[in-house]
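1. Would you be able to build a 3D model of this:
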Amino acid sequence: MGDVIKLFTYDEMESEFHKHFQQYKVCKQKAFYFGEGAELYLKISGAKTDLFVEQEDLYHGFLQDNIDITKDEFVIISLGCADARKEKVMLERLSRDSDKVSFIGVDSSEEMICIAKETLKESPVSCEFICADFSSDEFIKRIHAVTQGKIRIFTFLGSTFGNVEQSYMADMLYDLLEKGDKLWLEVAVRESISDKADRKFFENYLSWFDNEVTRDFLLHPLKLLGVPLDSGELFLNMAAEGDLNALLFSFRFRIDTKTVIEFDEHTVTLLPGNVIELLTIRAYDPQGLRNFFEERNFKFLAYKKCAGKTERGEFMFEKL
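-> Presented below is the predicted three-dimensional model:
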């Protein structure tokens, strides 16, 4: 297992957070996993380890249905790999039936990449790690250089695809993938379109406020930016996203008292009533997500609903 390849500095990423916040009053999704955020996420992820183990056959079967895992060398490139606990389960299961697989974990948080490397230190599969913004030109050049000649499967496990603006992400993925590359998405799904089902989703996310760890995780970017937590209140908003027929859940912070934040190069003034966007989560209509990617020149290959109580689904697309 090689050293972590790092394509940017912490200061560069911090400056990006500050500028984005100043312009849009939105916390970059990456900010959740920096500093103490990585440890908070680890606590949340650790509570789900048993569920990940239950999913190993699902992952294995879904992958086997879409590529021949015994014929050609293939690489799984996990975009936003976080602590790589899901990937550990998947790779251990794959290694029993294939010696063709390798793995590259990608995350913009150096703390997360270090945790992922520790998680996979005894993996039977060859693993590499890149600390980078995967939309950058430097990353795109490097990833294609180190995976040349292999079947490439780019993955978003754990519903992270739904955390960012969708059209931007789809366009970025189109630039990142080459013809024939696979895109594997794990997302929250709406199995029925009804007020009752939507309310169930909403109440599930609302319960995060009652858990000290998840609440601290939601507030972590504000601490990183220097926003006093007593300057406002946390709330959850739910809305429909028409082009995807998806539910959009937005964790937000409403400012109650005037707050001035001084960064190195600029000042941000927050007034009562201003709203800071924190974490965004989506639950998709399967047909809506399929249409969304087909319109962007991706071929739909497969969809499979996760078994059990979890409302998640696996999608496989191929760039045309």
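
2. can you give me the strands for the protein?
-> Applying DSSP state E to the chain gives strands spanning 5-6, 74-79, 101-107, 126-131, 151-156, 182-189, 232-241, 246-255, 259-262, 267-270, 275-284, 298-305, 312-319.

3. Mind listing what's buried along the fourth one?
-> When neighbours are counted by 16 or more other Cβ atoms under 10 Å, the buried residues of strand 126-131 are found to be Cys127, Glu128, Phe129, Ile130, Cys131. From N, CA and C alone the C-beta is placed, and that goes for glycine too.

4. you'd agree the first one is up against Val106?
-> No. Checked against Cβ atoms under 8 Å, the pair Cys127 and Val106 is beyond contact range at 11.7 Å.

5. can you list the strands of the chain in JSON lines and add distance to Val164 and mean pLDDT?
-> Output for the strands of the chain, formatted as JSON lines (distance: least, Cβ to Cβ, whole Å; pLDDT from 0 to 100):
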{"stretch": "strand 5-6", "distance to Val164": "22", "mean pLDDT": "80"}
{"stretch": "strand 74-79", "distance to Val164": "11", "mean pLDDT": "97"}
{"stretch": "strand 101-107", "distance to Val164": "14", "mean pLDDT": "95"}
{"stretch": "strand 126-131", "distance to Val164": "18", "mean pLDDT": "94"}
{"stretch": "strand 151-156", "distance to Val164": "10", "mean pLDDT": "96"}
{"stretch": "strand 182-189", "distance to Val164": "12", "mean pLDDT": "96"}
{"stretch": "strand 232-241", "distance to Val164": "13", "mean pLDDT": "96"}
{"stretch": "strand 246-255", "distance to Val164": "12", "mean pLDDT": "96"}
{"stretch": "strand 259-262", "distance to Val164": "24", "mean pLDDT": "94"}
{"stretch": "strand 267-270", "distance to Val164": "22", "mean pLDDT": "94"}
{"stretch": "strand 275-284", "distance to Val164": "7", "mean pLDDT": "95"}
{"stretch": "strand 298-305", "distance to Val164": "17", "mean pLDDT": "96"}
{"stretch": "strand 312-319", "distance to Val164": "16", "mean pLDDT": "95"}
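
6. wait, which of those is closest to Cys114?
-> Smallest distance to Cys114 across the strands of the chain (Cβ to Cβ): 8.6 Å, for strand 126-131.

7. just the angle between the closest one and strand 74-79, please?
-> 30 degrees (axes from the mean of the first three to the mean of the last three Cα atoms, to 10 degrees).

8. before we move on, back to that, for the strands of the chain, which one sits closest to Tyr24?
-> strand 275-284 (7.6 Å).

9. Between strand 312-319 and the closest one, find me the angle.
-> Using the same axes, to 10 degrees: strand 275-284 against strand 312-319 is 90 degrees.

10. How far does strand 275-284 sit from its chain's centre?
-> Taking Cα atoms, centre = their mean, to the nearest Å, one finds strand 275-284 lying 12 Å from the centre of the chain it belongs to.

11. Local confidence estimate at Glu54?
-> If you check Glu54, the pLDDT there is 66.

12. Then Gly2?
-> For Gly2, the pLDDT comes out at 58.

13. again, but for Asp97
-> So, for Asp97, pLDDT stands at 89.

14. Give me the neighbour count for it.
-> Neighbourhood size, Asp97 [other Cβ atoms under 10 Å]: 12.

15. who wins for proximity to Leu222 among the strands of the chain?
-> Nearest to Leu222, of the strands of the chain and by Cβ to Cβ, is strand 246-255 at 6.3 Å.

16. buried residues in that closest one?
-> Neighbour counts over strand 246-255 (16+ other Cβ under 10 Å) mark Ala246, Leu247, Leu248, Phe249, Ser250, Phe251, Arg252, Phe253, Ile255 as buried.

17. Same question for stretch 159-176.
-> Neighbour-count burial for stretch 159-176 flags Ser159, Thr160, Phe161, Gly162, Asn163, Val164, Gln166, Met169, Ala170, Met172, Leu173, Leu176 (criterion: 16+ other Cβ under 10 Å).

18. these two touch, right, the third one and Leu185?
-> Yes. Here Phe161 reaches Leu185: they are 5.2 Å apart, a contact under Cβ under 8 Å.

19. which non-adjacent residue is nearest the residue nearest to the spatial centre of the chain?
-> Geometric centre of the chain, nearest residue: Thr160, 2.3 Å, by Cα atoms, centre = their mean. Sequence neighbours aside, Gly80 is the residue nearest to Thr160 in space, at 4.5 Å (criterion: Cβ to Cβ, 6 or more residues apart in numbering).
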